[in-house]
Structure formats: structure tokens, C-alpha cells
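# Starting from these lines, generate the structure:
(chains A, B and C)
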Amino acid sequence: MDLTGLSLTTITLFIPMIGLAVLLFMNGETQRDNIKWVAFGTSIVAFVASVLMWVNFDPSVAELQMVQRNTWAEVSLGESVINISYFVGVDGISLLLVLLTTFIMPIAILGSFGSQIFEERGREKLYYIFMMLLEWSMIGVFVIHDLIIFYVFWEVTLVPMYFLIGIWGAEERIYAAVKFFLYTMAGSILMLIAILYVGNKSGTFSTYSAAGDVGVIEMVHTYEGEGSYWDPVADEEENAGFLLSSVESFLFLGFLVAFAIKVPIFPFHSWLPDAHVQAPTAGSVILAGVLLKMGTYGIVRFNLTMFPEAAVAWAPTIAFLGVVGIIYGAWVSYAQDNVKKLVAYSSVSHLGFVVLGIFALNSQGLQGATLQMVNHGISTGGLFLIVGMLYERWHTKEMADYGGIWKVMPAFGAISLVISLSSMGLPGLNGFIGEFTILMGSLGSEYLGFAFTLFATLGVIMAAVYLLKMFQHVFMGEHENPLSDEARYKLQWNEIAAFIPILIMIFWIGIQPIVFFNMLDMSVDSIVALFVP
Amino acid sequence: MFETPTIADFLAQSNLASTLPGTLLVLWTLILVLVDLFLPEERQRWTPILACIGLGISFLVNLFVYSPAESEQIALYGMFVADAFTGFLNVVILVATLIAILMSWDYLNRADIHRGEYYVLALLSSAGAMFMVGANDLIIIFVALELLSIPLYILAAFRSIKNDGSDLALKSEESGMKYFILGAFSSAFLVFGSALVYGATGTTNIPEIFSLAGGIAGTVSSAAFYLIIGAALLFVGLGFKVAVVPFHMWTPDVYEGAPTPVTAFMSVTAKIGGFAAMLRLLVSGLAALVIADGEPVAWQATVSLVAVLTLILGNFVAISQKNLKRMLAYSSIAHAGYILVAVAATGTAGVADAATQSALVYMLAYMFTNLGAFAVVMSIEREDGSGGNIEDITGLARSRPLMAMAMTIFMLSLTGIPLTAGFVGKFMVFAAAVQAGLFGLAIIGVLTSVVSAFYYMRVVVNMYLRDSSGDLQPALETSAVRWAINIALAGTMVFGVFYPLATNLVSSVSIT
Amino acid sequence: MHSIGTEPYIMLSLVLFLMGAMGVLMRRNAILVFMSVELMLNSANLALVAFAQQWQQINGHVFVFFVMTVAAAEVAVGLALIVNIFRERQSINIDDLQQMQG
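Alright, predicted model coming up:
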């Protein structure tokens, strides 16, 4: 057991747990006002801690930083003993997503201050407890480098989200919550078998090497025998039979299905609109902002690094599904009358870009994809906030019931315009940087053809169409449904406070993307290096 | 033919010290019978307390007997083996009995059938289970199994001692009768199987069977025939006891009709006893039945098939159940399937120990979780015993938030969500299956646990996501059952969060 | 003494065992079901005794004693249950045991 002391990563990871513990001991009735402040305060502290991590982060190093690795348990499998270790650390990709998580959480919490759902359903304390649990498990997913503990965190995210949708959601919440739970559990449980196989084969559950222990990734890439590490028997007709016959391919798919459902990649997306539409605002914001990124992150972190040959073999197929997702998501999005559903399907489209970028398997594609994960989190999170605020006032999600909001809430309209433009990828704003880099990456990819880029570009145009359609229906035209309470036209302080950081990030990433690309450079290069023969 | 043994020889050979946890419990029940007889009516509450004290004594003795990490000790002329396997399962059985007695105290008062015999029978049954996990001989397996089962027949019918003709009394009586017929039927299989194995090998001692079985199985002779048929009959007999498909049909009726604490108790102890004997027989006794060197043993395919059937039927039929006890009955069939996955994995050379350990961890997790779930079900039942349907749990999160939280954790644990003991158990079992190369079995196992999520989550949905329309039921439970829930909850959480705890406890177990 | 060997005894006990098993599955009277179970147990006893003779060993005999004792205990419990049920319903047909349907 090597106790290297508490690393900053550990501290950041467990801050939400401290908040949760405090919340547990508070009285839900008498201290109702304090509860939300405790939750908000905790999320701010976590954010500060993650910024500190950024300050301490050295972007010129490819290895994991702020690592802590303690042996946690020993599993005896036959003659061998496999360690399960508490292994945390960050590289650029992890750090960026941790920052995204801790950035979105305070916004989501702010957005739920004073929400009507607490008047209807109560149980405010439970709500914030689940928020803290969610934040803890999401950060955990991004910083853990031990497969078993990763799986634990991955599954634990399900539980609070299930309750957030199920207790505080809209009318069809039970159906949506159960569907979400079963769908994602069905996907991830096969990953457990794949993880067990990996551990059994390589004798460790750690993905990266640390403190003299060789991790799975290093074993895979330093393997020098016949065939590949997972398929030691050299197979001459590998290219012909590879997709379906090799062990590596099965393992790749075992992981991929779990992640693809979470992302969601095209045919696995059907849980998403239900979950999004029924979830409370904060739930949607977190779902779009962070939870979906767990899927794309998982693909980058595990699929590409541990199964490089399968990744190459499957790249065109998965990228194709990504492109289908782009077009399909945009198309269905355009056809929606329900604002929230429109935004939900736009997620399918945007994450299609991310998938395309990842499976371009080059440094531009991967950098763009990672940045686009953040961009989508910010923009779509913002869009869901907007929808939530509209709903709090007008109690409808139908586009037809809105109109002319700009006239009565000009500031709100302007903010919404900026966020919509960012989501559709206007140059100068964050969305453009991500999508453009991805398209450049896919164009230069050895594994993907020109058509991928072509159709993806079509998706960019379609995004402009459906988002502008939404904007026009909601904010332009005549204001037909005036509110009875004039004061409600004014934005609340907490609503403004939630928008400000979003706007700042939209412009910052749009104007100075180099700051973020620098952070990613070495980490992405070390992954891409695996694909250069 | 036999020499008269000297006293010293007798003591050395019987090595009574290492059987003390079980024998003390039996002696204690004898005392308890007498004490209960002379207790005045108003002091009847002393019987459960004394029973708990007996469990405590047995627990302490168990710690002393098994805490030195010595290798196994043989007792009772080789018929009983005291090793880490026995010690661990003894603890599981004792804790299960404790929780069940805490539940019973409440239930018997509520049903107005408070009799001291109840606790005597419960302790006897648990002593039977304790002998069964240490059984090293076919005779002991049989006798211990009967000691485990016969009190359970009576306990299952216990509600009918107040002969008021009520629905519950009838159901309980019927449950006892069905359990009795099926139990006796399965015992007959067990005995006949034992007879045939004895005929083939000339011994009833399990390690000796192991040393002989390999040589016999390879030949074409009537002995080989007896051995195969005998092993199959033994498996059938134990299969009835642990309720695996296709020997499961008694389970739902018996579980539904029996008094809830008895259901909880038998769903755990009878399974532990049965699986312990099955593991000993297959791993220590019949592991020599190998088709070819390096191949898995001959029975692995059969056990795998039974496991698949059990997993699929248990989980799918549970979906359509409306009564919580019936649902938990089918879920307990499904859980027997998961343990069978581990049993099947023991058949691959080199994995036997890991798989046995995983089965033990699974039983530990299942014990805490299942007893907890039954304790919650019991608390929401009304005085007349109705209210055990899945709708009756609706709105529990509002009326009794702590109990709802506990039930949620039990359901998550039964599903196998991380941070609960259930996950640790499933993880270990699947790890063993993957290690044994049983990928198909592992995949079916995980997929059926997704199916199980469907019905377990429905309970959570009803508690949290729906609001009850009717009146809230008054809380009937007393502090005894709350303690039962607390213990079960603590076990589920502690073993779930502190993963190494469970694995360290079983790390020295080896029955090969 | 070894004139006819063990096999015939085992065959007989197998037949008895199967008859018992069929009886349990097909009979509807609880008493007869119960008797069939006893038949199964006793067929096992026969096999045990035969094998004990074949191996010239005492284990089988000991086993038989245990089986007999345990069977007696089972009878006590089983008959009590049957009597109880008869008092309640005036019938011991096990098809009448249908309180629970799921």
C-alpha cells in the first residue's frame, strides 16, 4: 500500500461527499432555506478546488498528474491475485471534464432555487442530497483509472438521476425514470463482464501504469508476441474476420455499448428524449451538460487506449453511426413542437459530432471532440436552463403557446440568442471552434472518407435551421400569452447569476480556444500516438 | 470386526471442541425448552431473549474455535470438518437467525401466537444448518438436513396453531404441508443418492469419495453407473432444498403462506445449508469426475444449464407477481441461480477456491439484504396479515421515510448496484465465472439482473414516485423489527462500501 | 451368502423408489402421498443394507438407523400437520390446498 497522501484530485472528488454528509444532518423542515445554500456552497467549493487543480496542472506532461493510488482490495482469481486500487489522477481530458462538471453543478443548483417543483413535490433536502451524490459520482467517473472503481462510479450515477427524474419530473416521470434506469443499466452491465475479462487476462484493473505497476494500456502497447495482446494467435485473415471474431472486438463492443447508450449514439438514443423531457430543469442541465459526456469520455479513455486495433477496425462503422446521429438528430429536432424535445434531439445531433471527432483517430479530431464535449455541456445546459425558465413562467413546453417573448423580456431574449447561436456554431463563439476542429479532423483522417465530413457539414447547416426555428417561434412574433403576474417578467437574481458564467465561457472559448487546446495537447497526442503504426 | 475404543481415543477422534458452536446451540435449545415450560405467562418475553443469548454464546464460541487461522480440523470421526468455510457460514447462519428472531418477536405478538416453542424450533433449525455446512459425510448431510428442515415444516405452519379458521391460518397450514411433502420427497432423493454413491465407492466420507470417484468414473461398470445416478440424485435432492429450477415449484406457495419471519429465515438458512452441502459434495467429493485432464469436471455443463434455467425463470416470473412475498420468493429462486453460477464455476480446474469464496460472499450479501427486505415487508403488513401487496407499499417514502430508504437500499442491493453488498456478491460470482471461462453463463447472469432491476425498481417506484391515495397505515412495528432492519441495513451498506471486508473474510476458504 | 450378489437388491430398490416417486406425484390423498415417501426412504434403506453387505462394512447399517429414526420424526410432524388440516377442512385431498394462487 503506497500512501502518497491526499492528492488534490481526491480532495476535489470528496468535497461533494462532505456536503452530502452535512445535508444528511440538517432538518428538512426547519432549515429549508439553509439547505440549498449548503448545496450551492459545496458545489462552489468543489469548483474552486477543480480550478486549483487547473492551476497546478502542467500541460507539458502527457502522464497523469495529481495521482493517488492506494490498494483497495485483493481479488483472488484462481492462482493469481488481482488488486483493485483507488487510483485517481487527471490528464488534460479528465481535467477539462472535471472542470465542466464542477462548473455546471452550481449553475444547475442555482437554476433550481425557488423552483415550483418544491412547492408541488417538496422533499427539497432529498433533492440536494441527490445532487451532491450525482456530483460526486460524476467527478469520480472522470478521475478514476481503475476499471472496477470506475464501474462503481459509473453505475452509481444512475441512482440519483433516476430519483431526480422520478420524483421531481413532469407527468410521465415514472415511465421516463424507469426507462432511463433499465436502458443504461442494460448497457453498462455487459461492460462488467468485459472489465472482468480484461482484469483476468492482464492481472490488473488499473488502466495506466503507476508506481511501478504496469497498467493495462502499457501491456497492450508493449506486447511483442504474435497477433495482438488480446488475440495472441496471429490471424492472417485478420482484416477479413476481425470485426466479429476477435476477442478484442468483443471487449471493445462490451465497453462501447455501455458508452454508446450513455452518449447516445444513434440507434441507442430512444431513452434520451423521454428522460430529458420529463426531468426537472436541473436534471436536464446535468444530463445534457455532464452525464452524456461520460459516454464519450469513456470511449476516449477506455475504448481507444485499451483496444486500439478494434478501434481502427470499427472506426468507420461508429463514425458512420455518428454522422447518422448528426443528420437524424437534426431532422427530428426540426420536426418537434415541444421545445424541450427539440433541445433533447439537438443533443443527439451534437454528440454525433463528438463521436465523429473521436473516431477520426487523429489529434485534431480528438481535440475538437473533447472541446466539443465542453461546448455542448455549456450551450445545451444553457438551452435547458432557458426552457426551464420559460416553463416556470408559462407552464407549457409547446412552442405554439409561446411567441413574442423578446418584447416582454428583452434581456432574456438576448441571452437566449447568444446561447442558441453558440449551439449552432457561429464563428466567434465556442460551438464553432469545436465543430470546425472536428470537421478538420475528419477531413484529415486516414480512417474516414470524405463523405463523412460532407454529411457532417450538412448537420451544421441543419442545426442553424432548427435552432432558428425555435428562436423565431418562441421569441419573435406576437406575445399572445401574457402572464398574470407582471413581476414574473423580470429575471430573478439567481437566474441571472446562472447565465453569467455560461455567457463568459461561450465567449472565452470562442475567442481564446488556445487556452483549452493547450491543456489537451499532450494528453490527446499520447492517445493518438497509439494509432500511428 | 471392531475394537472397543478407549476414552482418550474417543475424545481425540471426536474432537468435540471444534463442533462446539453447533452442539452448544442444540444444548441451549434443550435448556430453553425447560425454561420456557416453567416461565410464567407474563414473563414469556424471556424466551426470545434467552434464544438471542444462546445465539450470542454460539457466536463467541465460534470466534474462538475458528479464529486461529489453522488448517481444517476433523471432528466426529471424520464426519465433520471445521474449516474456514464452516466458520464463515456459521456466522452467517447465526446472524440470520438473530435477525429472524427479532422479526418473530414482533410478528408472534401481532398474530397473538406467542409460544416459546417457536424459538426452540428456530434455534434447532439453525443448529441443523450449522452442522450441514460442516458436514463431511453423507450421513451427516442427511441428518443435519433433516434437523434443519423438520423444525421449518412446523414453523411454516405455525400460524395455524391459533385455529381460528382465518385465511392466514389456512395459508400457513397449507404452506407447512406443502413444504413438508416436498421436503420429505427431496430427502428421499438425497438418501437414495447417498445410498448409490455409497454403493459405488464403499464409503460415505466425502474426501474418500473424492479419492475414489475418479477411478470409478472412468470404468464401464455398475459402480460407475451407481456413482453417476447417485450424484445426480444428490443434486436433485439438494436442488429441491435450495429451490433451483426445475425443482422450485414449492417455493412461491410456501414462501407466501408461511409467517413472514419464517419465510425470511428459511429463504436464507435452508439455502445456505443446501448450497454448503452442494459445494462440499461437488468440490470436495465429486471434483474427480473429470472427463479428460485439463477439462472441466463432468457435471459442470449440467449445473450451468440448471443455473441458466433458474436465472431466467426466477427473474422473469418475478416480474408478474403482485404479492411482495411471492415476488421475493421468485427473486430468491433467481438468487439461487446466481449462487449456482458460482457452483458451476468451481468445476473448472484452478478456479474452485475463488468460486467457492464468491459463493460465500454472495450468501453473506444475500442474507443481509433478503432478511432486511422481508423485515420491511413484515412491517407494512397489517394486523390481519393483509397488506403485503406491491400497491400497499405506495407512498411509504412519505409515511415512513427511513423505512423506505432502507427498502430502497435492499432493492438496489438485490439488483446488484454498486456500493451495496449485493454488488460485491455479484461481482465476485461473475469474476469467478469469467475466470472459469463460462462467458455465456456470466452474460446471461448480468442480463437477467437487468430484468431483475425491473421488478425491484417497481417497489422503489411505488414507494417514492407515487403517492398513496388511501390513508396512511399506522406503523405497527416495534423496536425489535426496527433493530432487525437496522442490522440488515448496516450489513448491506458496510459490506457494500468496504469491499475488502468481505473478501478478506473469505480469503482463507478452501474446500478442495 | 454371496449367492445372488448385490444387483438384484439394487434393482428391486430402484423399482420401489420409482414406485414411491410416482405415488408422490400421482396420489391425491395426503396419507397415501406420505406413505409413498416412506416407500422411497425404505427403498433407500434396502439399497444401503445391500451395499453394506457387499462392502462388508458397517457404514451402511448406521445410515439405515439414522434414516429410520429421522423418518419417524418426520412421521410425527407430518401426521400432525395432516390431522390439523383434516380438522380444518374435513378433507385431506392435497388438491384442496389451493389458498394461494399466483
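
# B:G350: helix or strand, and which one exactly?
Using DSSP states H and E, B:G350 sits in no helix or strand.

# again with A:S85
strand A:80-90.

# For that strand, which helices and strands make contact with it?
Under the contact criterion of 3 or more C-beta pairs under 8 Å, 6 or more residues apart in numbering or on different chains; DSSP states H and E, strand A:80-90 touches helix A:8-24, strand A:65-77, helix A:124-143, helix A:147-156. C-beta coordinates here come from the backbone N, C-alpha and C atoms, glycine included.

# next structured bit after it?
Next along from strand A:80-90, by DSSP H and E: helix A:92-111.

# Any residue of the longest helix anywhere in chain C touching chain B?
In chain C, assigned by DSSP state H, the helix with the most residues is helix C:59-89. Yes: against chain B, helix C:59-89 shows contacts by C-beta under 8 Å from any C-beta of the partner chain at C:59-60, C:62-63, C:66-67, C:70, C:73-74, C:77-78, C:81-82, C:84-85, C:87-88.

# So among those residues, which ones count as buried?
Among the residues of helix C:59-89 next to chain B, the ones that count as buried by 16 or more other C-beta atoms under 10 Å in any protein chain shown are C:59-60, C:63, C:66-67, C:70, C:74, C:77-78, C:81-82, C:84-85.

# out of these, who's nearest chain A?
Nearest to chain A among these, counting by C-beta to the nearest C-beta, is C:N59 at 35.4 Å.

# Identify the residue spatially nearest to that closest one, adjacent ones excluded.
B:T204 (5.2 Å; C-beta to C-beta, 6 or more residues apart in numbering or on different chains).

# Test my guess that that neighbour contacts B:L138.
Yes: taking contacts as C-beta atoms under 8 Å, B:T204 lies within contact range of B:L138: 4.1 Å.

# Mind checking which of the two has more residues around it?
Between B:T204 and B:L138, counting by other C-beta atoms under 10 Å in any protein chain shown, B:L138 is the more crowded of the two (29 against 26).

# hang on, the more buried one packs against B:L196?
No: using C-beta under 8 Å as the test, B:L138 is too far from B:L196 to be in contact (10.4 Å).

# Give me the distance from stretch A:87-96 to the chain's centre.
14 Å (C-alpha atoms, centre = their mean, to the nearest Å).

# what's the answer for stretch B:86-100, then?
In terms of C-alpha atoms, centre = their mean, the centre of stretch B:86-100 is found 10 Å from the chain centre.

# ok, residues contacting that stretch?
The contact list for stretch B:86-100 (C-beta atoms under 8 Å, 6 or more residues apart in numbering or on different chains) reads B:21-22, B:52, B:55, B:58-59, B:62, B:65-66, B:122-123, B:126, B:129-130, B:133-134, B:261-262, B:264-265, B:268-269, B:272-273, B:276, B:360, B:363-364, B:367-368, B:371-372, B:375, B:484, B:487-488, B:491, B:505-506, B:509.

# can we see that at 7 Å?
Residues lying outside stretch B:86-100 but in contact with it, judged by C-beta atoms under 7 Å, 6 or more residues apart in numbering or on different chains, are B:21, B:52, B:55, B:58-59, B:62, B:66, B:122, B:126, B:129-130, B:133-134, B:261, B:264-265, B:268-269, B:272, B:276, B:360, B:363-364, B:367, B:371, B:484, B:487-488, B:505-506, B:509.

# On the pLDDT front, check the closest residue to A:P106 other than its chain neighbours for me.
If the residues on either side of it in the chain are set aside, A:P106 comes closest to A:S43, at 4.3 Å by C-beta to C-beta, 6+ apart. With respect to pLDDT, A:S43 has a value of 94.

# for A:F432, same thing?
90.

# and the closest residue to it other than its chain neighbours, how many neighbours?
Excluding its sequence neighbours, the residue lying closest to A:F432 (C-beta to C-beta, 6+ apart) is A:G425, at 4.6 Å. Neighbour count for A:G425, taken as other C-beta under 10 Å: 26.

# Over to A:Q492?
14.

# A:V61 too?
For A:V61, the count of nearby residues is 13 (other C-beta under 10 Å).

# who touches it in this structure?
A:M522.

# got the residues of the stretch 101-250 of chain B near chain C?
B:139, B:142-143, B:146, B:150, B:153-154, B:157, B:160, B:165, B:170-171, B:173-174, B:176-178, B:180-181, B:184-185, B:188, B:191-192, B:195-196, B:198-199, B:202-204, B:222 (C-beta under 7 Å from any C-beta of the partner chain).

# hey, where'd the strands end up in the stretch 201-350 of chain B?
Counting by DSSP state E, counting those that start in this stretch, the stretch 201-350 of chain B forms no strands at all.

# where does it dip in pLDDT?
By pLDDT under 70, the low-scoring segments of the stretch 201-350 of chain B are B:290-295.

# In it, what residue comes closest to chain C?
B:G202 (4.2 Å).

# What's the separation between that residue and C:N45?
Distance of B:G202 to C:N45, computed by C-beta to C-beta, to the nearest Å: 18 Å.

# Could you name the helices and strands sitting against the longest helix along chain B?
Ordering each helix of chain B by length in residues (DSSP H) puts helix B:167-201 first. Applying 3 or more C-beta pairs under 7 Å, 6 or more residues apart in numbering or on different chains; DSSP states H and E, one finds that helix B:167-201 contacts helix B:138-156, helix B:206-217, helix B:222-242, helix B:251-257, helix C:7-26, helix C:30-55, helix C:59-89.

# the bottom helix or strand of the chain by mean pLDDT?
All of this refers to chain A. None of the helices or strands of chain A scores lower by mean pLDDT, DSSP states H and E than helix A:238-245, at a mean of 56.

# Report the inter-axis angle for the following helix or strand past that one versus helix A:124-143.
Next helix or strand after helix A:238-245 toward the C-terminus (DSSP H and E): helix A:247-262. Between helix A:247-262 and helix A:124-143, the angle comes out at 150 degrees (axes from the mean of the first three to the mean of the last three C-alpha atoms, to 10 degrees).
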